[in-house]
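Engineer: mind looking at a prediction? Sequence and model below.
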Amino acid sequence: MSSDAPTQSSPAVLGIASQRSPSTRRGARRARRFAVRQLADWGLAQDSELGRDVALIVAELAANAVTHGHVPGRDFEVRLTHTATRLHIEITDTRSDAAPTAPGTHPDNTPAETGRGLLIVEALAERWGVEARTPSPGKTVWAECALQRKTH
């Protein structure tokens, strides 16, 4: 499966950063803090709309990796790619059988009582998706945010 992520060889890539975290609630918080610090290192304001959106997206995707992608003894990884126009966020875990479904629904399409985190991701990101990890096992849930927001 091909990835929509920018590659290191792409001339528009300004930076790539990644961090592995334990598949725990503490690891999810660590992933969010890593993303916020990385934005600052890249000169992107943490207290901007983009900074707040990225922090929320990473928090939601990391929480999902810990809750639904947890495999005992395995970490998850957060990877950020900064290009001239966007920020690409990836969270990779080692569980292939727990792919996210449409936000706010169960696999049988009934409304969910929990699991609304992807609704937040869908609202804040320009686009998001899921890809099988190669080599397997695992999956990557990714989201992209534009560096410059469109004004209406």
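Structural biologist: Nice, I can see it.

Engineer: use CA for all of it now, contacts and neighbours both
Structural biologist: OK.

Engineer: burial count for residue 17?
Structural biologist: The number of residues packed near residue 17 is 13, by other C-alpha atoms under 10 Å.

Engineer: typo on my end, residue 48
Structural biologist: The burial count assigned to residue 48 is 10, neighbours taken as other C-alpha under 10 Å.

Engineer: quick one: low-confidence ranges for this structure?
Structural biologist: Residue ranges of the chain with pLDDT under 70: 1-11, 97-115, 149-152.

Engineer: where do the strands sit along it?
Structural biologist: For the chain, the strands defined by DSSP state E cover 13-22, 75-83, 86-93, 127-132, 139-146.

Engineer: who does the third one pair with, and is each partner parallel or antiparallel?
Structural biologist: What it means is strand 86-93. strand 75-83 (antiparallel), strand 139-146 (antiparallel) (DSSP bridges).

Engineer: hey, C-alpha coordinates of that strand in PDB?
Structural biologist: Taking Å, rounded to 0.1, in the frame of the first residue of the first chain, the C-alpha atoms of strand 86-93 are listed here in PDB:
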ATOM      1  CA  ARG A  86       1.800  21.100   5.700                       C
ATOM      2  CA  LEU A  87       2.400  19.000   8.700                       C
ATOM      3  CA  HIS A  88       1.900  15.200   8.300                       C
ATOM      4  CA  ILE A  89       1.300  13.300  11.500                       C
ATOM      5  CA  GLU A  90       1.600   9.500  11.800                       C
ATOM      6  CA  ILE A  91       0.900   7.200  14.700                       C
ATOM      7  CA  THR A  92       2.000   3.600  14.100                       C
ATOM      8  CA  ASP A  93       1.100   0.700  16.400                       C
END
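
Engineer: before I go, just wanted to say thanks for your time.
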